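Pasting a predicted model and its sequence here:
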Amino acid sequence: MPPPRRRRRNPRPPSPSPESESESELPSSAGEEEDAAADLAEHAQHHHLEQQWRRRLDEGAGGAAAAPAAAAARAGGGGGGGGGGWWAGWYWRAVAFPAVVALGCLLPFAFILAAVPALEADGSKCSSIDCLGRRIGPSFLGRQGGDSTRLVQDLYRIFDQVNNEESPDDKKIPESFRDFLLEMKDNRYDARTFAVRLKAMMENMDKEVKKSRLAEQLYKHYAATAIPKGIHCLSLRLTDEYSSNAHARKQLPPPELLPLLSDNSFQHYILASDNILAASVVVSSTVRSSSVPHKVVFHVITDKKTYPGMHSWFALNSISPAIVEVKGVHQFDWLTRENVPVLEAIENHRGVRNHYHGDHGAVSSASDSPRVLASKLQARSPKYISLLNHLRIYLPELFPNLNKVVFLDDDIVIQRDLSPLWKINLEGKVNGAVETCRGEDSWVMSKRFRTYFNFSHPVIARSLDPDECAWAYGMNIFDLAAWRKTNIRETYHFWLKENLKSGLTLWKFGTLPPALIAFRGHVHGIDPSWHMLGLGYQENTDIEGIRRSAVIHYNGQCKPWLDIAFKNLQPFWTKHVNYSNDFIRNCHILEPQYDKE
């Protein structure tokens with residue numbers, strides 16, 4: 001575009017004086033005439049260039065852009081003609097050309113917006129899976145996913161329709177998602193058939209997964225009730241040592257310490273177990289954690305067949321300065337058939353034997369969840385008809401000279417000094433225990449009476465409250481002096497008989513339910529930090545909570561001495577096992593190796 005012509009601005013001549021006024025009327029000099037002629041020539045040249053530019057502008061941009069430029073040129077008039085041409089060029093560059101480019105970009109989008117409704121109208125008549133894709137509009141154009149939402153709502157409606165229908169069994173169900181996609185593409189299913197086939201595949205997969213989980217629980221039950229080879233070997237070797245080694249048969253405790261077994265100024269712990277390795281962990285962890293180990297007295301009770309091996313272990317592995325006594329149930333004069341007739345009846349009852357020793361796989365039901373099956377199987381563990389498991393109900397008679405004891409199960413580990421337990425005021429109650437109806441763990445700490453008892457049975461329904469809080473065995477403080485003033489043992493025997501009469505239909509789990517009834521009104525709740533449960537039930541137990549607890553309890557099937565133990569929870573138990581012991585090494589009881597992350 002040619003630059004605008006600059007007008008020559010001649011300096012204004014000074015006003016003539018009166019004396020020279022007559023001279024100004026004289027003709028101009030020759031130099032002035034030449035300047036005037038040059039101005040006229042320059043003006044004519046610029047006018048010619050302007051006319052050429054106007055013609056080009058009209059030819060290139062059309063009337064829409066040239067007319068405003070021409071109008072601007074005319075508005076300039078005469079000496080403003082050069083300025084009008086400049087403004088026309090500026091308007092084309094700054095306004096007209098960008099407008100044309102913008103229109104060129106927006107017109108395709110306008111076409112898309114106009115075309116999508118037509119596609120939707122056509123797609124609404126189409127029911128195949130391929131056609132469903134047309135109904136998803138461009139949300140980035142302001143549609144905000146409305147069509148996508150409608151598509152999802154349509155699928156919901158179709159799924160609701162087929163949800164209550166039986167899946168056809170005349171076709172082979174795809175076994176994988178890949179097979180399902182291939183079938184869908186090959187047959188070009190409509191939306192309804194797609195939903196029906198998807199439902200059938202999901203139901204089939206759900207059945208297979210549930211079947212696998214139930215089988216897992218059954219195999220886990222067999223693993224939990226079996227005796228590991230290493231532990232069986234340990235018992236046999238120590239029994240042999242008892243018969244051949246005089247040191248293994250030495251009196252426990254030494255004669256000079258016998259009076260301490262009934263001294264109430266000492267801390268008396270009672271442990272009933274037929275597992276030598278587990279008993280050793282309980283005793284060693286208790287002594288190691290105690291602030292006054294010289295005040296600790298352990299009363300270890302076992303069955304007749306395990307007694308020689310258990311005695312050998314503690315005779316050859318001293319826990320000094322603590323004191324230990326090992327006794328077999330056959331060595332208690334009070335445990336006669338006359339005093340425990342109910343337990344003998346339980347052991348000899350045919351229904352009981354079938355219940356605990358029969359086909360455990362028969363208890364599985366298609367409607368059971370894996371956890372429910374695990375509970376049923378645990379209730380059928382043979383240990384629940386063992387005298388050792390019922391022994392705690394006879395503590396006042398077995399230890400007539402003791403006033404207060406702490407009873408421990410063999411699947412626990414002591415991590416903190418238990419001396420403060422003897423200072424807890426039970427307020428006249430018999431049993432100090434952790435209640436299991438409240439706590440952070442929704443599975444372990446949610447136990448009420450409805451968890452254990454069959455409230456559809458009229459005897460239970462009229463006798464118990466389903467919302468009554470339950471408590472835990474495993475670590476209990478028993479005031480034996482207060483216990484002797486109650487009828488707890490008689491109540492326990494009464495409910496065992498009632499359960500036998502009902503065909504074992506009053507409760508689900510072994511020995512805790514009759515104890516829950518017998519100790520009603522005699523339980524004093526203690527702080528949950530004293531006793532943490534569930535380490536044998538679930539792997540995702542809070543590790544920090546474990547470290548804070550005084551006693552951790554591996555109740556459940558996954559005991560820490562089994563191969564099915566949870567690997568992240570097992571080290572809290574294995575650190576108390578002496579894997580360098582000759583008997584343990586010779587029985588190939590090896591320290592577990594864990595992957596280092």
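On my side now, so go ahead.

where in this structure is pLDDT low?
1-97, 100-101, 107-147, 169-170, 342-385, 443, 509, 595-597 (pLDDT under 70).

all strands for it, in order.
267-272, 296-302, 323-328, 404-408, 412-414, 431-433, 475-479, 523-525, 531-532, 551-553 (DSSP state E).

Packing partners of the third one?
With contacts defined as 3 or more Cβ pairs under 8 Å, 6 or more residues apart in numbering; DSSP states H and E, the secondary structure elements packing on strand 323-328 are strand 296-302, helix 307-316. Heads up, the C-betas are built off the backbone N, CA and C, glycines and all.

Relative to V444, which of the strands of the chain is closest?
V444 lies closest, by Cβ to Cβ, to one member of those: strand 531-532, at 8.6 Å.

hang on, the earlier thing: A515: which of the helices and strands packed on strand 323-328 is closest?
strand 296-302 (17.5 Å).

what's the closest one packed up against?
Strand 296-302 packs on strand 267-272, helix 276-289, helix 307-316, strand 323-328, going by 3+ Cβ pairs under 8 Å, 6+ apart.

and those as a markdown table, adding distance to T511?
A markdown table is the format used below for the helices and strands packed on strand 296-302 (distance: least, Cβ to Cβ, whole Å):
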| stretch | distance to T511 |
| --- | --- |
| strand 267-272 | 11 |
| helix 276-289 | 18 |
| helix 307-316 | 21 |
| strand 323-328 | 20 |
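
Looking at those, which is nearest to L261?
strand 323-328 (5.7 Å).

can you list contacts of the closest one?
Residues outside strand 323-328 that contact it (Cβ atoms under 8 Å, 6 or more residues apart in numbering): 252-253, 257, 260-261, 266, 283, 296-304, 306-307, 310-311, 314.

now stretch 236-247
With Cβ under 8 Å, 6+ apart as the criterion, stretch 236-247 contacts 248-249, 276, 308-313, 315-316, 583, 586-587.

try it again with 7 Å
248-249, 276, 308-309, 311-313, 315-316, 583, 586-587 (Cβ atoms under 7 Å, 6 or more residues apart in numbering).

Which positions in that stretch come out as buried?
R237, L238, T239, E241, Y242 (16 or more other Cβ atoms under 10 Å).

Okay, and which of these map to helices?
R237, L238, T239, E241, Y242 (DSSP state H).

Quote the end-to-end distance of stretch 558-566.
7 Å (Cα to Cα, to the nearest Å).

sorry, back to before: to P458, which of the helices and strands packed on strand 323-328 lies closest?
strand 296-302 (37.9 Å).

Pairing partners for that closest one, with directions?
strand 267-272 (parallel), strand 323-328 (parallel) (DSSP bridges).

May I see those strands arranged in CSV, with distance to G534 and mean neighbour count as well?
Below are these laid out as CSV (distance: least, Cβ to Cβ, whole Å; neighbours: other Cβ atoms under 10 Å):
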stretch, distance to G534, mean neighbour count
strand 267-272, 21, 23
strand 323-328, 29, 21
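
In TSV, list those strands along with distance to N163.
Output for the strands paired with strand 296-302, formatted as TSV (distance: least, Cβ to Cβ, whole Å):
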stretch	distance to N163
strand 267-272	53
strand 323-328	62
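
wait, isn't V459 in contact with E498?
Yes: at 6.4 Å, V459 counts as touching E498 under the criterion of Cβ atoms under 7 Å.

joint contacts of these two?
In contact with both V459 and E498: L506, using Cβ under 7 Å, 6+ apart.

re earlier: V577: which of the helices and strands packed on strand 323-328 is closest?
Of the helices and strands packed on strand 323-328, nearest to V577 by Cβ to Cβ is helix 307-316, at 12.4 Å.

what angle do the closest one and strand 296-302 make?
160 degrees (axes from the mean of the first three to the mean of the last three Cα atoms, to 10 degrees).

For helix 307-316, name the packing helices and strands.
helix 229-244, helix 276-289, strand 296-302, strand 323-328 (3 or more Cβ pairs under 7 Å, 6 or more residues apart in numbering; DSSP states H and E).

what's the closest of these to R448?
helix 276-289 (28.8 Å).

residues making contact with the closest one?
231, 234-235, 238, 269, 271, 273, 293, 296, 298, 300, 306, 309-310, 313, 319, 322, 324, 408, 410-418, 561, 573, 576-577.

One more: stretch 296-308?
235, 239, 242, 260-261, 266-274, 276, 279, 283, 286-287, 290, 310, 314, 322-330, 388, 391.

do stretch 514-530 as well
393, 424, 426-427, 429-435, 439, 449, 452, 470-471, 475, 486, 488, 491-492, 495-496, 548-551.

what about 6 Å?
426-427, 429-435, 439, 471, 488, 491-492, 495-496, 549-550 (Cβ atoms under 6 Å, 6 or more residues apart in numbering).

quick one on the thing from earlier: are any of the contacts of strand 323-328 buried, and if so which?
By 16+ other Cβ under 10 Å, these give 252-253, 261, 266, 283, 296-303, 306-307, 310-311, 314 as buried.

so how far is S289 from V281?
Relative to S289, V281 is positioned 12 Å away (Cβ to Cβ, to the nearest Å).

between the two, who's got more neighbours?
V281 (23 against 19; other Cβ atoms under 10 Å).

how near is the more buried one to L260?
23 Å.

now do L418
L418 is 18 Å from L260, by Cβ to Cβ.

try G556
For G556 relative to L260 (Cβ to Cβ), the value is 36 Å.

what does F332 give?
From F332 to L260 the distance is 19 Å (Cβ to Cβ).

now L402
From L402 to L260 the distance is 12 Å (Cβ to Cβ).

and what of S212?
Distance from S212 to L260, by Cβ to Cβ: 55 Å.

do N586 as well
Taken as Cβ to Cβ, the span from N586 to L260 is 34 Å.

can you check L236 too?
Counting by Cβ to Cβ, the gap from L236 to L260 is 32 Å.

can you check D190 too?
Taken as Cβ to Cβ, the span from D190 to L260 is 85 Å.
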